[in-house]
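Chemist: Build me a model:
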Amino acid sequence: RQSPRGSQWPTTYRQPMAAAAAAATTLVRCGVSVEVNGRGIHPDKGAKDLGVQIVEPIKGPPQVRVVGFKREVRFSHRDVDPKSGLVDGRLMEGRLAIILKDRTKVILVKAQPAQLELVVGCLRSGSSSGTGGGGSTA
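Modeler: Predicted coordinates:
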């Protein structure tokens, strides 16, 4: 098949690698604040969504991506501090604090408790619970 301009290359569209690498995502819209070494990161003023996104890649553990900030913040269960990593004492009030090994703090507020349980399950076990698809059977 030839393209309309008469060249010999087909006119097929291929997905970008980033779109093909992510099998399933879940967006948790909530208030987020991020601190790196005690200094806060400013949110992007033009961002449409603010919250965290659970990204389940085809290979590897699920990752949590912070959405709506000027800097890309992405982490998995391997990056969470084992001693004080998840502060979930106020999970039923819609609050969750995540402390990473590199002293980055991600604080989630004004979220639905059921959605925060998805984030906690992803970061505790290293497997996403309820994000749908992406698993393989062997």
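Chemist: ranges for the strands of this protein?
Modeler: When assigned using DSSP state E, the strands of the chain occupy the ranges 22-29, 31-36, 39-40, 51-57, 63-67, 73-76, 86-87, 96-99, 104-109.
Chemist: and the angle from the last one to strand 63-67?
Modeler: Comparing the axes of strand 104-109 and strand 63-67 via axes from the mean of the first three to the mean of the last three CA atoms, to 10 degrees yields an angle of 70 degrees.
Chemist: Name the residues that touch strand 104-109?
Modeler: 28, 30-37, 51-52, 66, 73, 75, 94-100, 116, 119 (CB atoms under 8 Å, 6 or more residues apart in numbering). C-beta here means a position set from N, CA and C on the backbone, and glycine is covered the same way.
Chemist: Name the surrounding residues that touch the lengthiest helix in the chain.
Modeler: Secondary structure assigned by DSSP state H gives helix 113-125 as the longest helix of the chain. Applying CB under 8 Å, 6+ apart, the contact partners of helix 113-125 are 26, 28, 30, 52, 54, 62, 64, 76-77, 80, 85-86, 88, 91-94, 96, 98, 108, 127-131.
Chemist: Return the set of residues that bridge with V64.
Modeler: Taking DSSP bridges as the rule, V64 bridges to I54, F75.
Chemist: Just the buried subset of the contacts of strand 104-109, written out for PyMOL, thanks.
Modeler: The PyMOL selection below is limited to those of the contacts of strand 104-109 classed as buried (16 or more other CB atoms under 10 Å):
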select buried, resi 28+30+32+34+51+52+66+73+75+94+95+96+97+98+99+100+116+119
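Chemist: pLDDT on stretch 105-120, on average?
Modeler: What stretch 105-120 shows for mean pLDDT is 93.
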